[in-house]
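Student: Quick one: sequence plus predicted model below, questions after.
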Amino acid sequence: MLFALVTFTISLLITFPFFIIIGYKDSGKARSIIWLIVHNWAKGWMWFVGMGVKVSGHFPRGQKFVIVANHISYIDAINLYASIPDYFRTLAKKEMVRVPIFGFVYKQVAILVDRSSPESRAKSMRLMWRQIKRECCIAVFPEGTFNQTEETMKSFYDGAFRLAIQAQTPILPLLFPDTVHRWHFSGWWKLWPGKNRAIFLEPISVEGMTLENVVELRERVKEIMSEALRQL
C-alpha cells in the first residue's frame, strides 16, 4: 500500500509541470495532449504496482460514445484512463479538485459537477453535449458513487442516458469486475495487487429515441451491465 501511494505521488509530481504548461491554454488540443499523458501514466502506474489493466471487448476507434462504467472502487477513475484508448472527458464531482496535485490534473480532463445544485447539473449537461458534439467521448459512472449495496449495481442516474439521447450518440458499457478487490471502497488503505480486467460490451444504439425513452434506456443498460457482471 505504501509503495503504491509513494509511486503515485512521485509520478504525479514528475508530470505536474507538464500539466501546468499544457493546461495554460484551455483548448481541445491542449486537453487531448493532457489526456494522452494521463492515459499512458495510468497504464504505466497500474502495471508498476501490480494491477496492470487487461482490456477485452471491442472499442470502435474514432467514434463518439457515452461510455458508462460500474463504480465500486477508488481505482475506477484511474482504470478509465488506462483502459479507454481514445480521448474522452469524464463527469466528476467537484470535490475531487480539493485533492492536492491530483485535483489540479483532474480538472483539466474532467467536467465538474456539484450534484446538490440544479444549476451545476444543468451546466454540466450542456458542457457534455457540447464536448460530445465537437470534441470527444464522454465517460460517466451512472451510479454516481460507490455501489455499497448487495446488488450487482445500484440504481442509475438519468444524466448519461439523457445526454446520449439528446446527442443521438450510442452508449458504450464498460465493466470493471475486479477493482473492488484491488482497492476496496471501505478503506483507502485496502489496496492489493492482482487481476484487473476492463471489459467493453457491445454499443447500444439510441437512434430514434426521445427523452420519453430515458427511463427505458437507463433500465435496459443497467440490466445488460448487471447480467454481464453476474456472469463474470
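Tutor: It's in. Keep in mind the model is a prediction, meaning the values are calculated, not measured.
Student: For stretch 127-143, buried residues please.
Tutor: 127-129, 131-132, 135-143 (16 or more other Cβ atoms under 10 Å). The C-beta positions use only the backbone N, C-alpha and C, and glycine is treated the same way.
Student: Among those residues, which lie within strands?
Tutor: Residues of these located in strands (DSSP state E): Cys137, Ile138, Ala139, Val140.
Student: OK, contacts around the first one?
Tutor: Pointing back at Cys137 there. Under the criterion of Cβ atoms under 8 Å, 6 or more residues apart in numbering, the contact partners of Cys137 comprise Lys64, Phe65, Val66, Ile67, Ile84, Asp86, Tyr87, Phe88, Arg89, Leu172.
Student: Can you get me a residue count around the second one?
Tutor: So the one you mean is Phe65. For Phe65, the neighbour count with other Cβ atoms under 10 Å is 25.
Student: ok, it touching Pro203?
Tutor: Yes - contact status for Phe65 versus Pro203: in contact at 6.6 Å, counting by Cβ atoms under 8 Å.
Student: Overlap of the contact sets of these two?
Tutor: Common contacts of Phe65 and Pro203 (Cβ under 8 Å, 6+ apart): Pro170, Ile171, Leu172.
Student: Enumerate the beta-bridge partners assigned to the nearest residue to Ala92 once chain neighbours are set aside.
Tutor: Using Cβ to Cβ, 6 or more residues apart in numbering and skipping residues adjacent in sequence, the residue nearest Ala92 is Ala110, 3.9 Å away. When bridges are taken as DSSP bridges, the partners of Ala110 come out as Thr90.
Student: Can you verify my assumption that Ala110 contacts Thr90?
Tutor: Yes - counting by Cβ under 8 Å, a contact exists between Ala110 and Thr90, whose distance comes to 5.1 Å.
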